[in-house]
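**Q** sequence and computational prediction follow.
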Amino acid sequence: MKLELKNISKNFHGVKALQNVDFQLKANSIHALLGENGAGKSTLVKILCGVYQPDSGTINLNNKQEVITDPAVSLSLGISAIHQESVMFDELTVTENIFIGNHLTKSNGLIHWNLMHEKTKQLLDSLEANIEPNEKIKDLSIAQRHIVQISRSLIHDADIVIMDEPTAALSQKEINELYTIIQNLKNQDKSIIFISHKLDEVMEVCDDFTVLRDGQLIKSDKIFNTNKDQLITYMAGREVNQIFPKNHIKIENEIFQVRNFSKKTQFKNINFNLRKKEILGFYGLVGSGRTEIMKSIFGITKSDEGEIIFKDKKISISKPSEAINQGIVYLSEERQQLGITGLMSVKDNINMAIINKNSNFYIMDNLKEVKNAASMQEKLNIKVSYWSQLAQSLSGGNQQKTVISKWLSTKPEVLILDEPTKGIDVRSKSAVHEFMGELVGEGMSIIMISSELPEILGMCDRVVVMYRGLIKKVLDVKDASSEQIVKIASGEE
Amino acid sequence: MSIIPDKPPFKILDILYKKEFILFIVLISILIINSNITPYFLDLYNLIDSTFLFSEKAIIALTMTFIIIARHIDLSVASIIAVSSCVLGYTTSLGYDTWMVLLLTLFSGALCGAFNGAIITKFAIPSIIVTIGTMSLFRGLAYSFLEDSYYNKFPKLVSNLGNGYLFGYIPYAFLTFILLAFVFAFILHKTSVGKKIYSIGNNPDAAQYTGIAVNRYTFVLFTLNGLFSAIAAIFLSGRLSSVRPNIAFGWELEIITMVVLGGVYIYGGSGTILGVVISIFILGMLSFGLGLLNIPGVGIIIFTGLLLILSIGFPSFVRTLRRKNE
């Protein structure tokens, strides 16, 4: 046994984050650590990284008891974590990022750049990654950044690599590349703790699994002894309807049309239409132009040419407020930067898009604000203790519900959702899906960008598949297979 | 459905987190200490006259509060005072009517502010850089216009505004500040405009994505800041009855200190007018008291520094202490 945690407990202000949790990691294996948000996964990881000290329990590494007093000790023991929101230095090169904190020096004390570049190159080659050592981090894709982080942990001779949702922001192709790298690591005798909300990939990639719920160990076993539904039951403590609430709603006539939309270097000749009560999926690799099209429709950027027809009338949108007034809203995939305003209250966040409606001749009407917030809170079941609570204190799922509430407050007719379930737990996810079903039932039309095929296939009526800024095909989901969609999206068809 | 309360249940210790409360205690202490060490402090006429020392800066501090809450900063205000004062003196010397003189003075200030706002929004340059530039630019204009000379003739109304009292008691500048403070507190805390300014300051990108006209707000705020600098210029020129190009030199930092001491977060998004008003009184009473004691200007700077650290640091100090106890 490589790593053995026994009877680990940790309390925060009387909240039991972990209670007598055992965790065993075998040598060269990929071990999935599963659980909903707040189940105790990150507390466990932070204990391993030396950020927190357990209140009780022991940690054995290679059959030797260790006390991990701080992150430096954790690193020196060969434990390395790759975080969801990567901690990197954007303006520095790949080499500098990998060697940060322990530069190699020549005998005269100067930095030995050549050696560092060379080592970096070797390392990246061993991972079969196509990255140049002297590229700046800000020029890399998210997938490439992950690989640089992995390289950084390898430089530290990490034996145990912890990955926190490494595929959350990646496209299918990048995910496949990452899987290869993870397999390579395993072949190099490393052990990997793999945290993910995507059960398909857990089933595909991992050897063992451990499920936590409410700070307690629920189940730990080999992955081939279980299946997806069972894992969900372990995690949720009850059956969650993972089968997407496919709506049998009668789709009505066309409501929204985009014609000949083009923007230099981003997308070209985009034509599609959306029907009332329809959910239209957009699938493609990251960078295929999906998000860029939606930003142009919403008035964030300007398209070079093309027109939008809404309810049989040509409309022009040059800024977001015009789109919102027309009844078209866009939920960005970047929840932290462009969605939630963390230091404002939940109530203010929910009401942010209807400030004008909540005021009488510029004077704010608190009653209207509370009324709207309460109705949204009830509708989406946002877990909030009091209205002045800051939005940043909510869990990811509840933050996303808050942002969705913000947009629903404007009573839109066309709702554009960009990766609406990215990085939120299973239960919140299915709540969002269920809710989307309700919304189209009420007469709304939804465009959903997603990189998760099950979500696309489960929720959408039709799917637009994009490749390099072009719409390759619009498929009826009924007749589409996931293989076909992936093929088109990677330009093979 | 359970009713969600607006705030968590009130605990008496929570009041220690309130910057306004800390500032209020500081103000009271300064008043008590001052009145104990010098008998002249509590003299009503002296106290009223002491407001002349800060009212002009305080007027600009109000718009500066909006600017800083909106995650910007304006370092050019003192230089705008210089420009507007020159316009005031020059138009007077041309023999224009009083109302025309005032109008052109106000217009010059607003124009300078609009220039800042236009550059910041059009070219997306950080306001700190733009206003560092215009701080020199505007001051330079005043210098090249006036060179070694100065203006000492102003319309009667301007001199009255600078030196006069309403009903013989309340200085016009102070009165203007107090009235404007009420207006600004109302706008910031009770209207949709205030809500939007907070939203912009907390997350400008999210605000833009939410349909708030971020650029338009920024432009208007900077224009307003210029206009208010011109108002301050009118009071100041009237009071000094002489305008040199180095007028109000270094005021930008004093004004920003007023705002930051008042609990406005320098990175935007939070702060109240009440806090700024208390902080203005603290600084005013402090320098007045120290002046009566014949303590030189250095003393004021040292005290201001200590106050800043105390008032900003105290709430987080209490929070850390409380967390440790739990």
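**A** Ah, there it is.

**Q** confirm residue A:303 sits in a strand?
**A** No - counting by DSSP: H, G, I helix; E, B strand; the rest coil, residue A:303 is not part of a strand but coil.

**Q** what residues are up against the most centrally placed residue in chain B?
**A** For chain B, the residue sitting closest to the mean C-alpha position, by CA atoms, centre = their mean, is residue B:61 at 0.9 Å. By CB atoms under 8 Å, 6 or more residues apart in numbering or on different chains, residue B:61 lies in contact with B:255, B:258, B:259, B:262, B:276, B:280. Yep, even glycine has a C-beta here, placed from its N, CA and C like the rest.

**Q** leaving out the residues flanking it, which one is nearest to it?
**A** residue B:258 (4.4 Å; CB to CB, 6 or more residues apart in numbering or on different chains).

**Q** element containing that neighbour, please.
**A** Using DSSP states H and E, residue B:258 sits in helix B:251-261.

**Q** count of neighbours near residue A:89?
**A** Residue A:89 has 12 neighbouring residues, counting by other CB atoms under 10 Å in any protein chain shown.

**Q** surely it touches residue A:95?
**A** No - between residue A:89 and residue A:95 there is no contact under CB atoms under 8 Å: 11.4 Å.

**Q** that older thread, in the helix holding residue B:258, what's buried?
**A** Under the neighbour-count criterion of 16 or more other CB atoms under 10 Å in any protein chain shown, helix B:251-261 has B:251, B:252, B:254, B:255, B:256, B:257, B:258, B:259, B:260, B:261 buried.

**Q** where exactly do the helices run in the stretch 151-300 of chain B?
**A** Secondary structure of the stretch 151-300 of chain B (DSSP state H, counting those that start in this stretch): helices at B:156-163, B:172-190, B:192-202, B:204-209, B:214-240, B:251-261, B:273-292, B:297-325.

**Q** CSV please, covering those helices and showing distance to residue B:127 and mean pLDDT.
**A** Output for the helices of the stretch 151-300 of chain B, formatted as CSV (distance: least, CB to CB, whole Å; pLDDT from 0 to 100):
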stretch, distance to residue B:127, mean pLDDT
helix B:156-163, 30, 82
helix B:172-190, 19, 93
helix B:192-202, 12, 93
helix B:204-209, 12, 91
helix B:214-240, 8, 94
helix B:251-261, 12, 89
helix B:273-292, 19, 89
helix B:297-325, 22, 75
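
**Q** quick check: angle from the helix holding residue B:258 to helix B:214-240?
**A** Counting by axes from the mean of the first three to the mean of the last three CA atoms, to 10 degrees, helix B:251-261 lies at 120 degrees to helix B:214-240.

**Q** could you export helix B:251-261 as CSV, CA atoms only?
**A** Written as CSV, here are the backbone C-alpha positions of helix B:251-261 (Å, rounded to 0.1, in the frame of the first residue of the first chain):
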residue,chain,number,x,y,z
TRP,B,251,-4.7,68.0,-2.7
GLU,B,252,-5.4,64.8,-4.7
LEU,B,253,-3.8,62.6,-2.1
GLU,B,254,-5.5,64.4,0.8
ILE,B,255,-8.8,63.9,-0.8
ILE,B,256,-8.1,60.2,-1.5
THR,B,257,-7.0,59.9,2.1
MET,B,258,-10.4,61.3,3.2
VAL,B,259,-12.2,58.7,1.1
VAL,B,260,-10.0,55.7,2.1
LEU,B,261,-10.0,56.6,5.8
